[in-house]
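Sequence and computational prediction follow.
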Amino acid sequence: MLWYKFWLESRLRFLLSLAGLVLFAAFIVFITGKDSVRPMPAKDYHLQLFVAHQYLVGIWMLSVVLLGMGGILRERASGISQFTLALPVDRRRLVGIRFGVYVLESVALAVAPWIAVLLVTHLMGEPWAFRDACFFDSLLIGGGMAFVRLATLVASLIEGEYTAPAVTFGIILIIQVIANAVSWLKPLNFWRLEGGFNYIDTQTLLIVRPFPWSEILLSLLFLLLTLAVSIKAIERREF
Amino acid sequence: MSRGASAGSSLNQRTAEFSLCNTLVLLLDLAFKQLDPSLGAALKLASGCASLYHICDTVAVVGLFRLQPDAGQALYLQLMQQIRHAIETGALQNGDQLPGIRTLAEELVVSPNTVAKAFSELEHEGLLELRHGSGAFILINRRTRQLAGRLQSAQRRVADMIEELRDDGLHDDEIRRVFEAELLNRVAEIARKR
Amino acid sequence: MTEMFPAIETRDLSKVYGSLEAVRNLSFCVERNQITAFLGQNGAGKSTTIKCLLGMLRPSTGDASILGKNTRDRAASRVARQKIAYVAENKPLYGYMTVEQMLRFTGAFYQDWCPEMATRLVAEFQLPVDKKIKRLSKGMRTKLALLLAFARKPELLILDEPTEGLDPVGVEQFLQMVVARAAEGITVFFSSHQISEVERIADHVCILDKGRLKVDSPLDYLRQSFRRMDLVFPDFCSEQDFRIPGVQRIESNGRQMSVFVNKNSDMVIERAKYLNATSVEVVPLGLREIFLETVRGS
């Protein structure tokens, strides 16, 4: 029943984000594609793909950070934790299952708009390659997990309803600024990972590097690490 | 759970009248116990009668008992008193079955331990028979009727004294306090002599 | 299945926040098959104690066990919680769930959940099952929070200020439900500011004052031991003469003296008579006065 509870808790935020992402993706593709020359030259196609992806990354990141807020620590502020913690459930399970729901929702939010894009472009007669969609989507999910991790950590340490998202966005901003400015820290720039900047030739906008399996795997590993840290933080916390 | 208004109110009036007497008799009772432990409580025969109806072989206690938590007397003692009073007025008769502990506790809104304690004490005194699994049954026999005699005359004497004190202008509260002070003093004297 | 250990047991339990001692050297037992009331002013440490018992707070020093399981042991604590029903003071509920969702959610966690009882109570309390909890009135929320505890058959029922937010009819219903549960063998441990309610149903009373346990006795014993003696002397009488064990407080005014005792009232009367008191009146104290005497500045 814990899955159900966490789903109900995040349902509104999730559905709003989903609707927003899907509609926005369809809209962007429709707008940029409808006036282009048929058949679309390769350069235009790759530009479109790339630009659409950047927009999606931005909105997805916003949605995912907001979705990650809440949890048992938030309940402490309103006193609701006195019910949740009185349940015959380990704190470990509470944190773990909520994390699972959150990750699944984040993945769904990444996949849905790309499906919409494929549908719309198919209907428009200029279907985008499934393979390309998969590539960018995987980058989004794999790299984007960084935001999931960050949001989870902040939510397990900071209680304030507005403080937590503010801190999360603040950290993201700082990392982006630093990573942009300092050259050897460039790989840390998550946006570049997700956005695919590292994998594209800036002139042709073609995908030049192979699929970053190892980076994605590392990202998933860090995901598990974040879960462990988050569980530890909540287990030690006094309610 | 409804309370029978008409049956209850007349009983309550009578209960109020008797309550002062009952408290004093109970105090005397306790004092007697200090002197002679073999004296158990007895029936208080009194005038008047109350209406009663039987439902499913268990006495319906609708309006029969009222406990006052702030009366300065333990609730189980009040309940014991009221059961004894119900017996002497004839509201409860030999062989009647009292409601179960849970039912009575819910009706009076008191802890079941209070009811259990009252039943247990009355069983010690010989007024109740606790049959395991069936419940509590009223027991009135020749022995308990004999013991009633002594308390009965005590009650008459106490009633007379109370009337006199009231005529002198004392309030019931004052009368109660004076009695209790004297009894405690007596208890202290006895303790000292031992 | 009768267990021999108490429902709750603390040994020198302390909870300290920096320089604030919320709970200090608390040692008491809540016996089974009894209704135990936990009294104290706001901030006396009642909620802190309950949270320590349920594993929400870690004791600074000392130990506590609930249903025989040490509260420091997380796994054991979790097993104990399966048989405990707890309603916190603020009646916590998930606002985003409907009444029905809340019932289904809670019922899924406890084997002792009674669906028939839940249905009956929902009807009795007239709770709208499809309404979101955040739209319910305070009284309905309170009833729902209590329902979640009463639609079960736990071994231990812990209630923190349960009647807050209930109208008099609701209070009566609540007290009847508590008494019914107690009759079924459920141990009840509740804290309340409503002394009159406590006086009716409590078997045992614990009074907490500034984190320390001041009173831990059966209610009947308290009723029989706490007394106020109003004494009048022919001449001025010194309070020193009445420094007898059991005397809690003395108010004197010339020839009059009020002596508050928690035991040995007979010794006080003897002393009064010895000192030629012209008037001795004994007044029993109700639980309210006992409580006020206990928490009055010491």
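All right, it came through fine.

Which residue ranges of the chain form helices?
With no chain named, the answer covers chain A. A:2-34, A:42-68, A:72-78, A:81-84, A:91-124, A:130-157, A:163-181, A:190-195, A:213-236 (DSSP state H).

not what I meant, chain C
Using DSSP H, helices in chain C cover C:46-53, C:74-81, C:99-107, C:115-125, C:138-150, C:168-183, C:195-201, C:219-225, C:265-274, C:287-295.

Find the least confident helix or strand in chain B, judged by mean pLDDT.
Taking mean pLDDT, DSSP states H and E as the measure, the helices and strands of chain B show their lowest mean at strand B:54-55, namely a mean of 36.

ok, now chain A?
That would be, for chain A by mean pLDDT, DSSP H and E, helix A:190-195 at a mean of 62.

Show me where the chain dips below the pLDDT cut-off.
Assuming you mean chain A. Scanning chain A for pLDDT under 70 picks out the ranges A:36-40, A:183-210.

was after chain C, sorry
Along chain C, the parts satisfying pLDDT under 70 run over C:1-3, C:297-298.

Quick check: residues of it near chain A?
Chain C has residues C:51, C:54-58, C:74-75, C:78-79, C:81-82, C:84, C:86, C:88, C:90, C:92-94, C:96-97, C:101, C:104-105, C:108-110 near chain A, with proximity defined as Cβ under 8 Å from any Cβ of the partner chain. Just so you know, the C-beta spots here come from the backbone N, C-alpha and C atoms, and that holds for glycine as well.

Quickly list what the residue nearest to C:Ser60 when sequence neighbours are not counted is bridged to.
If you skip the residues right next to it in sequence, C:Ser60 has C:Val16 as its closest partner in space, 4.5 Å away by Cβ to Cβ, 6 or more residues apart in numbering or on different chains. For C:Val16, the beta-bridge partners are C:Glu21 (DSSP bridges).

So C:Val16 versus C:Cys114, what's the distance?
C:Val16 is 41 Å from C:Cys114, where distance means Cβ to Cβ, to the nearest Å.

same question, C:Ala22
With Cβ to Cβ as the criterion, C:Ala22 and C:Cys114 are 36 Å apart.

Check A:Lys43 too.
A:Lys43 is 70 Å from C:Cys114, by Cβ to Cβ.

Also B:Gln82?
Counting by Cβ to Cβ, the gap from B:Gln82 to C:Cys114 is 34 Å.

Same check on C:Phe150?
Separation of C:Phe150 from C:Cys114 (Cβ to Cβ): 9 Å.

Turn the helices of chain C into CSV, columns for distance to chain B.
Converted to CSV, the helices of chain C look like this (distance: least, Cβ to the nearest Cβ, whole Å):
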stretch, distance to chain B
helix C:46-53, 20
helix C:74-81, 24
helix C:99-107, 24
helix C:115-125, 13
helix C:138-150, 13
helix C:168-183, 4
helix C:195-201, 4
helix C:219-225, 4
helix C:265-274, 4
helix C:287-295, 8
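
okay, those in a markdown table with mean neighbour count next?
Shown next, in a markdown table, are the helices of chain C (neighbours: other Cβ atoms under 10 Å in any protein chain shown):
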| stretch | mean neighbour count |
| --- | --- |
| helix C:46-53 | 25 |
| helix C:74-81 | 17 |
| helix C:99-107 | 20 |
| helix C:115-125 | 14 |
| helix C:138-150 | 21 |
| helix C:168-183 | 18 |
| helix C:195-201 | 21 |
| helix C:219-225 | 20 |
| helix C:265-274 | 21 |
| helix C:287-295 | 19 |
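
To A:Ile158, which of the ones you listed lies closest?
Smallest distance to A:Ile158 across the helices of chain C (Cβ to Cβ): 21.5 Å, for helix C:46-53.

So which residues make contact with that closest one?
A:82, A:239, C:8, C:10, C:13, C:15, C:22-23, C:26, C:38-40, C:57-59, C:64, C:66, C:71, C:86, C:88-89, C:158, C:160, C:191, C:208, C:211 (Cβ atoms under 8 Å, 6 or more residues apart in numbering or on different chains).

More neighbours: B:Gln82 and C:Cys114, which one.
More crowded of B:Gln82 and C:Cys114, by other Cβ atoms under 10 Å in any protein chain shown: B:Gln82, with 23 against 15.

how about the more buried one, secondary structure?
Three-state assignment for B:Gln82 (DSSP: H, G, I helix; E, B strand; the rest coil): helix.

Need the pLDDT of it.
Note on B:Gln82: pLDDT of 88.

Spit out the contact partners of it.
For B:Gln82, the contact set (Cβ under 8 Å, 6+ apart) comprises B:Thr15, B:Leu64, B:Phe65, B:Arg66, B:Leu67.

State the number of residues packed around the last one.
It refers to B:Leu67. Counted by other Cβ under 10 Å, the residues lying close to B:Leu67 total 19.

Contacts only, for it.
Per Cβ under 8 Å, 6+ apart, neighbours of B:Leu67: B:Leu75, B:Gln78, B:Leu79, B:Gln82, B:Leu108, B:Val110, C:Arg200.

which ones are touching the fifth one?
Residues in contact with B:Leu108 (Cβ under 8 Å, 6+ apart) are B:Phe65, B:Arg66, B:Leu67, B:Leu79, B:Val115.

Over to the third one?
With contact set as Cβ under 8 Å, 6+ apart, B:Leu79 has these partners: B:Phe65, B:Leu67, B:Leu108, B:Val110, B:Thr114, B:Val115, B:Ala118.

per-residue pLDDT, it?
92.

Please report the distance of it from chain C.
12 Å (Cβ to the nearest Cβ, to the nearest Å).

One more: the fourth one?
Separation of B:Gln82 from chain C (Cβ to the nearest Cβ): 15 Å.
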